[in-house]
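Asker: got a structure for you, letters missing:
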């Protein structure tokens, strides 16, 4: 995730930004990187994290669509 460093900087100054949403897209569920960190950002830091894939598998229960 090339913008991970930027996300950490925003979190360091969270008071300046208010509500933070992360939109993360991958081609398939298997291509999702930093799964643990995405869960931590959602659970521990209370961020809105939305994960979507271009092509879902039968087991995928999340969003499907392209993040541009």
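Answerer: That came in fine, so what should we check first? Worth saying up front: this structure is predicted, and the values here are computed from it rather than measured.
Asker: Only C-alpha atoms from now on, for both contacts and neighbour counts.
Answerer: Noted.
Asker: Now do the end-to-end distance for stretch 28-45.
Answerer: 26 Å (C-alpha to C-alpha, to the nearest Å).
Asker: any idea which element residue 15 lies in?
Answerer: Taking DSSP states H and E as the definition, one finds residue 15 inside helix 14-17.
Asker: what comes into contact with that helix?
Answerer: Applying C-alpha atoms under 8 Å, 6 or more residues apart in numbering, the contact partners of helix 14-17 are residue 10.
Asker: how close does the most far-flung residue of the chain relative to its centre get to residue 28?
Answerer: Note on the chain: the largest C-alpha distance from the chain mean falls to residue 58, namely 20.9 Å (C-alpha atoms, centre = their mean). According to C-alpha to C-alpha, residue 58 stands 11 Å off from residue 28.
Asker: Output the below-cut-off pLDDT ranges for this structure.
Answerer: For the chain, applying pLDDT under 70 flags the ranges 1-2.
Asker: And the helices in it?
Answerer: Ranges of helices within the chain are 4-12, 14-17, 35-43, based on DSSP state H.
Asker: Compute the distance between residue 35 and residue 18, please.
Answerer: Going from residue 35 to residue 18 by C-alpha to C-alpha gives 24 Å.
Asker: So for stretch 59-68, what gets flagged as buried?
Answerer: Buried positions in stretch 59-68, judged by neighbour count with 16 or more other C-alpha atoms under 10 Å: residue 64.
Asker: and residue 26, bridged to which residues?
Answerer: Taking DSSP bridges as the rule, residue 26 bridges to residue 53.
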